Every structure is written in structure tokens, then in C-alpha cells.
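Q: Here's my sequence, what's the structure:
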Amino acid sequence: MAASHTSDLSDGQTAEAAPRRRDFLNIAAVSFAGVGAVAVVVPLVNQMNPSADVLALASIEVDISAIAAGQAIKTMWRKQPVFIRNLTPKEIKEADAVPVSTLRDPQTLAQRTKPGHKNWLITLGVCTHLGCVPLGAGEGEMRGDFGGYFCPCHGSVYDTAARIRKGPAPLNLQVPDYSFKSNTVVQIG
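A: Okay, here's the model as predicted:
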């Protein structure tokens, strides 16, 4: 009887090599578990995406035509203050004269601005020490020893290129991603 069972197998297959019902059940169970895992993981990962109100603030356009040389404005982007400063030729010259090797966080003014728009410095208005908002963007606010920004919380002083010069802050004010849409409109984000 055993001889007739093996003769039903084609091309010399043995009984162990033939697909069995148990193999099908194992494959179906693993497939079902995989689909179930994906069904659980996708919503879990998706809930970590930014909400609609955050995506709406992902980029803003700011009209900079009314900012005179030497002035700065403060605007909000992603619930954080942003300083937009129109540097004077004197401020640019002073920033370029600083030896980069003497800075705690060495960056030139050219590295912090866009080519062709060296007079426009755009930075996040958040001190890199503990997150306070520095003074210096508003009219009549204290600008510190180097004419840039002064953080009243712990005394960090930034120069006109928003580079840390004195105080506990470890890094320069951060430059966000931005681009010029025209000579009078800048898009942040």
C-alpha cells in the first residue's frame, strides 16, 4: 500500500517534500499576523504626524519692504518668535571684521545669510541657553555690548549677526530655513 502512495508523487518527490495542509495553515497564520501588525502600527505612527494647525503654520510669508536699514521686526512662526533684521553696511562690516576663530560657535555672516541678501538676517528669537526671548528686535530695546541681541534671563549677548559673544548660551541664534520670493517678500519654512 505504501508503494502505491509514493507512486502518486510526481518526479521523485518524497512525502516530506510535498505541501501539506499544516504548511498552508502556518503560512495563513503568519500572513494574518503580519496584516494585523500593520493594521496596528500604521495608525500608531500616523498619530505622530503634525496636526493640521501645525501644518498650516509650516511656512509663512513676511513683507519686509517696510523694514528700514538698522531695524528689526519680530514675527511668529511655528509658535516661536522670529527676528528679521535689515543690517546696515556698518553692522555688516563689524560682523565681517570679527575673527571667526574667536567665536564660541564659529560662523561667518555669509554663512548665516543668503547670497545677494547679506543685509537680511533672519533668526529664531529663542536664546540657545534656556529658551528665553532675547531683547533687541523692538525699538528701544537693549541690544547688549555688541549691538545685536541681549537675553535678559541669564545675560547672553549676541552680536549683529546673532552670534553668541558673551554669556552662558552655547550656540548662535538658529537660522531657520527661508527663501526670498521677491525683494520684498521672504518665506520662512
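Q: is the closest residue in space to E141 that isn't next to it in sequence in a bridge, and if so with what?
A: The shortest distance from E141 to any non-neighbouring residue, by C-beta to C-beta, 6 or more residues apart in numbering, is to L135 (4.1 Å). From N, CA and C alone the C-beta is placed, and that goes for glycine too. Under the criterion DSSP bridges, L135 forms beta bridges with F150.
Q: L135: what's it in contact with?
A: 141-143, 149-152 (C-beta atoms under 8 Å, 6 or more residues apart in numbering).
Q: Now restrict these to buried residues only.
A: 143, 149-151 (16 or more other C-beta atoms under 10 Å).
Q: Save those as TSV, and put in distance to V30 and pLDDT too.
A: As requested, the buried ones among the contacts of L135 are arranged in TSV below (distance: C-beta to C-beta, whole Å; pLDDT from 0 to 100):
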residue	distance to V30	pLDDT
R143	66	79
Y149	59	87
F150	63	89
C151	58	89
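Q: which among these gets closest to A69?
A: Nearest to A69 among these: R143, at 15.3 Å, using C-beta to C-beta.
Q: pretty sure that closest one contacts A137?
A: No: between R143 and A137 there is no contact under C-beta atoms under 8 Å: 9.2 Å.
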